[in-house]
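*Asks:* Pasting the sequence and the predicted coordinates here, then a few questions.
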Amino acid sequence: MVNLRLDIEYDGTSFAGWAKQPGLATVEGALAEALAQILQQRVSLAVAGRTDAGVHARGQVASLKAESPPPDRLRRSLNQLLPGAVAVKAVSLAPADFDARRSAVSRTYSYAVLKRPWPSPFRRRYAYYYPGRLDLGLMRQAASLALGRHDFTAFTPAVGEHSYFKREITRSEWLCRGDLWVYFIQSGSFLRNMVRVLAGTMLEIGRGYRSLESFAGLLAGAGRPEAGATAPACGLCLEEVEF
């Protein structure tokens with residue numbers, strides 16, 4: 001039996017998230033089914049980021065212990081069986097103590113906003129379309145305020161799911177890529193919906209509906225009703241996991 005690392009990317013539009021759920025299409029469910037067919041055994045997957053419904057990944061990492069064919073052959077076999085919305089980029093042998101969730105030291109997410117006067121049929125699954133006025137300078141100032149250690153209670157709706165709400169943010173910035181405005185954020189761990197609520201709140205700042213001072217107050221541990229709307233899932237992507 002060997003310990004395997006799987007590097008995965010997927011379009012999360014048609015999935016009810018990563019985690020297996022009875023009667024629903026999930027990324028973990030599709031991957032576990034393909035692995036069971038190849039390996040002729042049930043497997044237990046650890047994952048670096050449990051993405052929610054509609055959320056994408058370019059840099060997801062999972063791990064499992066199993067009797068397995070050579071890594072390259074397993075990768076090819078998986079990609080033959082998986083739905084087109086999921087691809088295994090690499091399969092590699094990992095140290096015996098490697099665990100995709102517990103061994104991760106940071107995760108980087110992006111949130112993409114399509115900022116132009118007309119929508120895109122090609123980007124609608126991967127970016128939140130917003131044609132109105134936005135002040136990028138204010139949004140960048142808000143992003144810089146999020147750097148460091150803060151209480152993010154205001155940015156998660158998960159009552160009862162989390163008991164500790166402080167997180168250390170090591171990257172928080174908006175970048176322009178043509179008509180795509182992309183927010184990047186890095187931390188050791190995230191609260192449920194945290195990035196989407198941060199993005200939604202910063203978009204309110206960009207629209208002029210909220211002040212930078214009020215945003216700073218949210219980072220001091222305000223309640224969820226004080227923060228902005230949760231931005232749509234389509235714009236969120238797990239970009240990278242560091243170990």
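*Replies:* Okay, I see it.
*Asks:* what is the mean pLDDT for the helix or strand containing residue 36?
*Replies:* Using DSSP states H and E, residue 36 falls within helix 27-39. Averaged over helix 27-39, pLDDT sits at 97.
*Asks:* just for the protein, where's the confidence low?
*Replies:* 158-160 (pLDDT under 70).
*Asks:* domain parsing for it?
*Replies:* Domain assignment for the chain, taken from automatic domain parsing, gives 2-93, 106-242.
*Asks:* export those domains to TSV and tack on mean neighbour count and distance to residue 100?
*Replies:* All C-beta spots, glycine's among them, are computed from the backbone N, C-alpha and C. Shown next, in TSV, are the domains of the chain (neighbours: other C-beta atoms under 10 Å; distance: least, C-beta to C-beta, whole Å):
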stretch	mean neighbour count	distance to residue 100
domain 2-93	18	4
domain 106-242	17	8
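*Asks:* Let's have those domains in JSON lines, adding distance to residue 99.
*Replies:* Output for those, formatted as JSON lines (distance: least, C-beta to C-beta, whole Å):
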{"stretch": "domain 2-93", "distance to residue 99": "5"}
{"stretch": "domain 106-242", "distance to residue 99": "12"}
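*Asks:* who's in contact with the helix holding residue 36?
*Replies:* 6, 8, 10, 12, 15, 17-21, 42-43, 45, 47, 51, 57, 60, 62, 64, 66-69, 74, 77-78, 81-83, 86, 88 (C-beta atoms under 8 Å, 6 or more residues apart in numbering).
*Asks:* With only the CA atoms kept, save that helix in PDB.
*Replies:* In PDB, the C-alpha atoms belonging to helix 27-39 read as follows (Å, rounded to 0.1, in the frame of the first residue of the first chain):
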ATOM      1  CA  VAL A  27     -16.300  16.100  -7.100                       C
ATOM      2  CA  GLU A  28     -15.300  13.700  -4.400                       C
ATOM      3  CA  GLY A  29     -18.100  11.400  -5.400                       C
ATOM      4  CA  ALA A  30     -16.900  11.300  -9.000                       C
ATOM      5  CA  LEU A  31     -13.300  10.800  -8.100                       C
ATOM      6  CA  ALA A  32     -14.100   8.100  -5.500                       C
ATOM      7  CA  GLU A  33     -16.200   6.200  -8.000                       C
ATOM      8  CA  ALA A  34     -13.500   6.300 -10.600                       C
ATOM      9  CA  LEU A  35     -10.800   5.200  -8.100                       C
ATOM     10  CA  ALA A  36     -13.000   2.300  -6.900                       C
ATOM     11  CA  GLN A  37     -13.500   1.100 -10.400                       C
ATOM     12  CA  ILE A  38      -9.800   1.200 -11.100                       C
ATOM     13  CA  LEU A  39      -8.400  -0.100  -7.800                       C
END
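*Asks:* Can you give the distance of it from its chain's centre?
*Replies:* Centroid displacement of helix 27-39 relative to its chain, using C-alpha atoms, centre = their mean, to the nearest Å, is 21 Å.
*Asks:* ok, now stretch 176-186?
*Replies:* Chain-centre distance of stretch 176-186: 15 Å, with C-alpha atoms, centre = their mean.
*Asks:* Could you list the residues in contact with it?
*Replies:* With C-beta under 8 Å, 6+ apart, stretch 176-186 has contacts from 106-116, 123, 127, 134, 136, 139, 143, 146, 169-175, 195, 198-199, 202, 239.
*Asks:* Among those residues, name the ones in strands.
*Replies:* Under the assignment DSSP state E, the contacts of stretch 176-186 contribute 106-114, 169-175, 239 to strands.
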